[in-house]
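Visitor: Could you look at this predicted model? Sequence included:
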Amino acid sequence: MNTEMQSREEMCLLAASMFERGLTPGSSGNLSMRLPDGGFLMTPTNSSFGFLDPATLSRLDDDGEWKDGDKPTKEAFLHLAMYRGQPELQAVTHLHSTWCVCLSCLKDTDPQNMIPPMTPYVHMRVGPVARAPYKRPGDESLGPEIEKIAAKHSGIIIANHGPVVGGKSLRDSVFAMEELEEAAKIFINTKQLQVNVLSSKDIAELDAISLRK
């Protein structure tokens, strides 16, 4: 198990990697993880993934109250709702990544499974991706809806906003988010084409070896 300092350093390292590859522009996006001794570590409000300092990351207690470090992201409630909805989650990633945001703006997507299973990878890492309704950024009335959806989905796309993904570790959450972004890109680029999708038998086989377990 990582120490708190190792967790802080890992969060900054993974955040910088996403920033450098253009997955989270400006000061958008936020990360969180459970700490070994209880409570949560989160990225601060109005901070850039490219310039985080391990010493100033936000620390919250088990109830989500800010304890020390810089003030936490204004979207902390999204993360806390994910943890309440699926208590086994150890980390949550929220981005405004381009292809997932594009997907969040499309009409007529399946609210229970926004990305058809064209490849095995998003299903193995994320599972069916659900849609949450639009609320203005920072509107905490979205929290109960996220909590309800998170009980059955570790991947959620907020309409006209972006994706939220939970995982069994921060690294798994980030990798799952990156897989979701690639799957959204594939889906949008093939949307007007005739494509093969995986069968229910294929999906059952993937569930048996799921990386989410």
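Guide: Good, I have the coordinates.

Visitor: Excluding chain neighbours, what is closest to the residue most central in space within the chain?
Guide: Centroid-nearest residue in the chain, with C-alpha atoms, centre = their mean: residue 165, separated by 2.3 Å. Nearest non-adjacent residue to residue 165, counting by C-beta to C-beta, 6 or more residues apart in numbering: residue 177, 4.5 Å away. Using the backbone N, CA and C atoms, a C-beta is placed for each residue, glycine as well.

Visitor: Tell me how far the helix or strand harbouring the residue nearest to the centre of the chain lies from the chain's centre.
Guide: Assigned by DSSP states H and E, residue 165 falls within strand 162-167. The chain centre lies 2 Å from the centre of strand 162-167; the measure is C-alpha atoms, centre = their mean, to the nearest Å.

Visitor: tell me the contacts of residue 196?
Guide: By C-beta atoms under 8 Å, 6 or more residues apart in numbering, residue 196 lies in contact with residue 118.

Visitor: which sections of the chain are below the confidence cut-off?
Guide: Filtered on pLDDT under 70, the chain yields the residue ranges 1, 213.

Visitor: hmm, back to that, is it true that the residue nearest to residue 165 touches residue 95?
Guide: Yes: using C-beta atoms under 8 Å, residue 177 is in contact with residue 95, at 6.1 Å.

Visitor: more neighbours, these two?
Guide: residue 177 (30 against 25; other C-beta atoms under 10 Å).

Visitor: Sort out which residues of the helix or strand where that one lies are buried, please.
Guide: Residue 177 is located in helix 170-189, with elements delineated by DSSP H and E. Residues of helix 170-189 classed as buried: 170, 172-188 (neighbour count, 16 or more other C-beta atoms under 10 Å).

Visitor: Now do that helix against strand 162-167, angle only.
Guide: 140 degrees (axes from the mean of the first three to the mean of the last three C-alpha atoms, to 10 degrees).

Visitor: The helix or strand just after helix 170-189 - contacts with which helices or strands?
Guide: As assigned by DSSP H and E, the chain's next helix or strand after helix 170-189 is helix 200-208. Applying 3 or more C-beta pairs under 8 Å, 6 or more residues apart in numbering; DSSP states H and E, we find helix 200-208 packed against helix 120-125.

Visitor: ok, the following helix or strand past the helix it packs on: who's next to it in the sheet?
Guide: Next along the chain after helix 120-125, taking DSSP H and E as the criterion, comes strand 129-132. If you go by DSSP bridges, strand 129-132 pairs up with strand 155-158 (parallel).

Visitor: residues in contact with the strand it pairs with?
Guide: So strand 155-158 is in contact with 82, 100, 103-104, 114, 122, 126-135, 142, 146, 149-150, 163-166, 176, 180, going by C-beta under 8 Å, 6+ apart.

Visitor: Among the residues you listed, name the buried ones.
Guide: Using 16+ other C-beta under 10 Å, the buried ones in the contacts of strand 155-158 are 82, 100, 103-104, 114, 122, 126-132, 135, 142, 146, 149-150, 163-166, 176, 180.
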